[in-house]
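> fold the following for me, if possible:
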Amino acid sequence: MFTPINVDVCKTPDCKNLGVMNSPDYVVQGSNVLCQECGFLFPIISTKSLNTFRTAVNRPWKSVARQCPGCGGTSLKRNGFSAQGVQRMLCHHCNKTFVLPAHSKTTIRQAHLATLIKEGVAPAEICRTLAINNTTLGRELAHLSHQAHLAERDVGASAFDVVLSTRAFYVKFNGGNSRLYILVTAEENSGRVVAISTNYCPHPVEAEYQYHSQYEERLPPGTLMHLVQRKEMLTMRRHGVLFNIDYGPATLHRYDRGMLVKPVLPAYRHFGLVRLLIEPHSLNVQHNIDHECFILGGCLVANLADIQQGRCHISFVREWGASPPVRALPPRLFYSGGIRNNVWRTYSTRDYAMAVCNLTGCKNTHLLRHVTLKSATDFIQYVQNHSFFMYLNKMSPANLTAVLEHIKHEYNCSLLQ
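Residues are numbered from 1 along each chain as shown. Reported below is the predicted structural model:
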């Protein structure tokens, strides 16, 4: 999470070059690389831009995550206390020592701010109530976000076999039609949201990785099977879709610092964070992700070692409706077409439809009928129905991201009540 990474590798699940750097089977073709073993053509992702983004958005986690800030190792042990009485940790990999702060106390102002957000009070009224200006409000929101990270740092998974669902959604910002891209991963067993990521970066990256909208990608109405097949054909015709998406307009105000980056960068960062938060508490992980190819790449790279050991599996999922059938239904099989020609299983009733594609070779295909994205969908609906949602649409991306982190913690706390 804190060490630089390179993701220019083959991302075909059954290929011998999966995750292999600089394989002799790779042939550079312009800005892409062809893997001659599987015939997969993957674009080169700038290591500089990816790691600049990761460094910027992971900075708030440096004093929170149980990971060595030097080598990224997770094999740690306690090593006394600092002069200030803070727990010191020793990394077994590089022998580096660092402090891991305990939960800091929430100030009266931050507790009041959290209450006002929950009640849906307008930001201008919040500033008057707390006697602060907009700049101070931004700092308080950042502190509130940090408190949410600290509060959930030691929350483990609810089971050793963890099922995670990941979906993308959008929230408008700055009072216009511009939208922020957001990834959310939730645990299906408990409903708890593990992590969220946005495509806002507080520091600029290379210009070619700045997000620019040419058109909003929309799919026509039709059956779930036809939508999956059309998506694959779209991916084949516009190869950039494999590692990107055009989700509509998104432009910062000229006084907003930072940059909105292409969603491919937060996808690779997001699953690294998810793995860090889930790994110490789990033995096996099942990822159910919405049908976006670049999200698959991020999930594959982050969990490569576990996939090779058979401890992690990934499935594409498309789902309609909110009432999965209670009785077992026989699946209908179809090929997605496109460049992968994957086998999909679809389970449908009058008011519900779900299609799933098993990507990493899990043998328990009979369990696929129970796949769902419900937990991630529930959080998205919680955000959209939140009393503060109308004011989220008027905030800057930086403040919006901080508030979403707090709402995530608020949501997780509500599940325990």
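> excluding chain neighbours, give the residue nearest to Leu130 in space.
Arg109 (5.9 Å; Cβ to Cβ, 6 or more residues apart in numbering). Using the backbone N, CA and C atoms, a C-beta is placed for each residue, glycine as well.
> the host helix or strand of that neighbour: which residues count as buried?
Counting by DSSP states H and E, the element that carries Arg109 is helix 108-118. The neighbour-count check on helix 108-118 (16 or more other Cβ atoms under 10 Å) flags Gln110, Leu113, Ala114, Leu116, Ile117 as buried.
> mind exporting the next helix or strand after it as CSV, just the C-alpha atoms?
Once the chain leaves helix 108-118, the next helix or strand it forms, by DSSP H and E, is helix 123-130. Coordinates of each C-alpha in helix 123-130 appear next as CSV, following Å, rounded to 0.1, in the frame of the first residue of the first chain:
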residue,chain,number,x,y,z
PRO,A,123,-22.7,23.4,5.4
ALA,A,124,-23.3,27.1,5.8
GLU,A,125,-25.4,26.5,8.9
ILE,A,126,-22.8,24.1,10.2
CYS,A,127,-20.2,26.9,9.9
ARG,A,128,-22.4,29.3,11.8
THR,A,129,-23.2,26.8,14.5
LEU,A,130,-19.6,25.9,15.1
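> I'd say Leu300 and Gln308 touch.
No - Leu300 is not in contact with Gln308 according to Cβ atoms under 8 Å; the separation is 10.6 Å.
> tell me which of those two has more neighbours.
Leu300 (25 against 12; other Cβ atoms under 10 Å).
> got a list of what the more buried one touches?
Leu300 makes contacts with Lys11, Pro13, Leu18, Gly19, Ile307, Ile314, as judged by Cβ atoms under 8 Å, 6 or more residues apart in numbering.
> let me know the pLDDT of it.
Reported pLDDT at Leu300 in the predicted model: 92.
> work out for me the element it sits within.
helix 293-302.
> swap in Tyr382?
helix 374-384.
> against which helices or strands is that helix packed?
Applying 3 or more Cβ pairs under 8 Å, 6 or more residues apart in numbering; DSSP states H and E, we find helix 374-384 packed against strand 161-172, strand 179-187, strand 193-198, helix 397-416.
> after that helix comes which helix or strand?
Downstream of helix 374-384 (by DSSP H and E), the next one is helix 389-392.
> rounded mean pLDDT for the helix or strand harbouring Thr55, please.
If you go by DSSP H and E, Thr55 is part of helix 47-58. Taken as a whole, helix 47-58 has a mean pLDDT of 93.
> who's in contact with that helix?
Contacts of helix 47-58 (Cβ under 8 Å, 6+ apart): 1-2, 4-8, 197, 201-203, 205-206, 208-209, 261, 265-266, 268-269, 272-273.
> could you give the angle of it to helix 397-416?
Relative orientation of helix 47-58 and helix 397-416, computed by axes from the mean of the first three to the mean of the last three Cα atoms, to 10 degrees: 60 degrees.
> list the buried ones in the helix or strand that comes right after helix 47-58?
Toward the C-terminal end, the helix or strand that comes next after helix 47-58 (DSSP H and E) is strand 76-81. By neighbour count on 16+ other Cβ under 10 Å, the buried set for strand 76-81 is Leu76.
> what's in contact with the helix holding Tyr382?
165-167, 169, 171, 184-188, 191-193, 319, 322, 324, 389, 392, 404, 407-408, 411.
> filter these down to the buried ones, PyMOL style.
Burial among those is assessed by 16+ other Cβ under 10 Å; the matching PyMOL selection reads:
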select buried, resi 165+166+167+169+171+184+185+186+187+188+191+192+193+319+324+389+392+404+407+408+411
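> state the distance from Tyr411 to Val184.
Computed as Cβ to Cβ, to the nearest Å, the Tyr411 to Val184 distance reads 10 Å.
> if I look at Tyr352, how far off is Pro324?
Between Tyr352 and Pro324 the distance is 6 Å, computed by Cβ to Cβ.
> common neighbours of Leu300 and Gln308, please.
Leu18, Gly19.
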